[in-house]
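Student: What follows is a predicted protein model with its sequence.
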Amino acid sequence: MRDYWSFFSAQQFVFGRNALPHIGSMVVNRGLKRVLVVTDENLDSLGYSERVREPLSRNGVEVVVFRGGEAEPSIAAAEQGFEFAKAENVDSVIGLGGGSNMDLAKILATLLQHGGHPRDYFHFDRIPGPVLPLICIPTTAGTGSEVSHAAVLTDHDTGLKMSTLSPHLRPSLALVDPALTDACPKQVTADSGIDALTHAVEGFTALDSASVSVPNDQAIPYAGSNPMGDLMAERAIRLVGEHLETAVLEPGNQAARDGMALAASLAGLAFSNCAVAVVHALEYPMGVELHCSHGAGIGLLLPYVMEYNREFAAPKLAKVFEWLGGNPSGLSEDEAAREAIKKVVDLRQVIGIPDRIRDIGGSRVQLPEFASKAFSIKRLMDLNARPPSEAGLLEILESAF
Ligand SMILES: NC(=O)c1ccc[n+]([C@@H]2O[C@H](COP(=O)([O-])OP(=O)(O)OC[C@H]3O[C@@H](n4cnc5c(N)ncnc54)[C@H](O)[C@@H]3O)[C@@H](O)[C@H]2O)c1
Ligand SMILES: [Zn+2]
């Protein structure tokens, strides 16, 4: 049992439409002179690197751009990025993009400081000290990587997404300028938006931190739900309820973009302090095998996992219903929990997220392997509202098939 809970974030969190032009002074104030911007060809060709380079150059900061980011980045992308960056003598790293580029930037900041190979740092707490000063600038809303302690790489050898989790991966600066998400394509908006919802729901419905049975002073990847995480999750879920559908259906709606950008960071704070659980565990093998985006896989699975957890988390799921805009008056907690699941199913449909594993190319014979791989990710099992079994995971996948 733990006697206390704690809460971590990026060292500085900057939020605002048109915050980006102020990045120059923020970087100079940190004493940084030569930064590596980690992005991808797509965002580079759309002018995003230039939007970052201009205010930095204006403030005398040298900028080197690595454009080798990719969606769901592989270990090979990290190896290439390290090879490229080693010779560049940079003193800091900026992750510019969605979760994929921000995560790649985190791994490169680690390798540039400590050397080695990405695999050396997989799992929890294996980065021996601070990494190069790290700044994250999200262009999706989103993964919350800008505030989280996580970086995810796809390991094509094992067919799993591998997380590197470390307090050192929380950026020194998270600069969230929702204007950068204004032109985010519809599908990316939907996928990353439902990922944010899932982070908030999994963080909030996780077992309570007081029930975590490790010694007080032992660092753990996720510490269970706590009052601060609950606050972040509540606000994130309310914002998703208000804004996700609009952000997808009316991409030019700035209020919706602003709301989702904030929701994503708040949800990132919730999950990275409290937990992600079975939804994420199941998506990791499924996403690699079926080549679906993280968000699409997550969004597909979320309501099925909520149903699996329902009897164990009915009071909290009832709250999720209310926060998503539902009216719980006259409903029992169990009825409201069922309504929460329906709301997520409706939202998923309206924003165009697939609802069946068979529709994204999966076949039934693959399900036991997905269940077994997911069950092996212990940190994602430990804090799930309902203690999972491998048979239970298979049951979820069967229902989602
Ligand atoms: N580190 C964490 O805490 C954490 C949390 C959740 C997910 N993730 C990881 O994040 C990744 C998913 O990230 P994501 O959902 O943000 O998508 P993404 O980063 O994979 O981006 C998807 C595509 O959208 C494009 N794109 C991004 N922003 C755009 C914009 N504004 N305009 C036009 N195109 C744009 C990108 O170029 C890319 O091709 C996965 O690898 C997942 O595992 C990490
Ligand atoms: Zn996620």
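Tutor: Good, I have the coordinates. Ligands and ions are numbered 1, 2, ... in the order given.
Student: Could you list the contact residues of the stretch 1-150 of the chain toward ligand 1?
Tutor: Counting by Cβ under 6 Å from any ligand atom, the stretch 1-150 of the chain comes close to ligand 1 at 40, 42-43, 46, 71-72, 97-101, 103, 139-140, 142-145, 148, 150. Bear in mind the C-beta positions are built from the backbone N, C-alpha and C, glycine included.
Student: are any of those residues buried, and which?
Tutor: Applying a neighbour-count criterion of 16 or more other Cβ atoms under 10 Å, the buried members of these are 40, 43, 71-72, 97-101, 103, 139-140, 142-145, 148, 150.
Student: quick one on the thing from earlier: out of the residues of the stretch 1-150 of the chain next to ligand 1, which are inside helices?
Tutor: Those of these mapping onto helices are 42-43, 99-101, 103, per DSSP state H.
Student: what's the closest of those residues to ligand 1?
Tutor: Nearest to ligand 1, judged by Cβ to the nearest ligand atom, of these is residue 99 at 2.1 Å.
Student: Correct me if wrong: that closest one contacts residue 145.
Tutor: Yes - contact between residue 99 and residue 145 holds when scored by Cβ atoms under 8 Å: they sit 4.5 Å apart.
Student: what's the overlap in contacts for the two?
Tutor: Any residue near both residue 99 and residue 145 by Cβ atoms under 8 Å, 6 or more residues apart in numbering counts here, and that gives residue 138.
Student: list the buried ones in stretch 343-357?
Tutor: Within stretch 343-357, the residues that count as buried by 16+ other Cβ under 10 Å are 343-345, 347-348, 351, 353-354, 357.
Student: Confirm for me that residue 233 is in contact with residue 267.
Tutor: Yes - Residue 233 is within contact range of residue 267, at 6.9 Å (criterion: Cβ under 8 Å).
Student: overlap in contacts of these two?
Tutor: Counting by Cβ under 8 Å, 6+ apart, the residues touching both residue 233 and residue 267 are 200, 203.
Student: So these two - more neighbours on which side?
Tutor: The neighbour count for residue 233 versus residue 267, taken as other Cβ atoms under 10 Å, is higher for residue 267 (34 against 30).
Student: wait, what's in contact with residue 173?
Tutor: Contacts for residue 173 (Cβ under 8 Å, 6+ apart) come out as 10-12, 14, 26, 30, 134-136.
Student: Quick one: the strands in the stretch 151-300 of the chain, in order.
Tutor: Along the stretch 151-300 of the chain, the segments classed as strands by DSSP state E, counting those that start in this stretch run 160-165, 173-176.
Student: Can you check which of the ones you listed gets nearest to ligand 1?
Tutor: Across the strands of the stretch 151-300 of the chain, ligand 1 has its closest neighbour in strand 160-165 (5.7 Å, Cβ to the nearest ligand atom).
Student: Within the sheet, what are the partner strands of the closest one, with directions?
Tutor: strand 123-124 (parallel), strand 150-155 (antiparallel) (DSSP bridges).
Student: Mean pLDDT and distance to residue 21 for these - can I get that in CSV?
Tutor: As requested, those are exported to CSV (pLDDT from 0 to 100; distance: least, Cβ to Cβ, whole Å):
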stretch, mean pLDDT, distance to residue 21
strand 123-124, 96, 37
strand 150-155, 97, 27
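Student: just the ones in helices among the residues of the stretch 1-150 of the chain next to ligand 1 now: which is nearest residue 324?
Tutor: Nearest to residue 324 among these: residue 99, at 22.9 Å, using Cβ to Cβ.
Student: Show the contacting residues for the closest one.
Tutor: Neighbouring residues of residue 99 by Cβ under 8 Å, 6+ apart: 138, 140, 142-145, 152, 192, 195, 294.
Student: In a markdown table, list the residues you listed along with distance to residue 213.
Tutor: Converted to a markdown table, those look like this (distance: Cβ to Cβ, whole Å):
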| residue | distance to residue 213 |
| --- | --- |
| 138 | 35 |
| 140 | 36 |
| 142 | 33 |
| 143 | 29 |
| 144 | 27 |
| 145 | 29 |
| 152 | 27 |
| 192 | 34 |
| 195 | 29 |
| 294 | 30 |
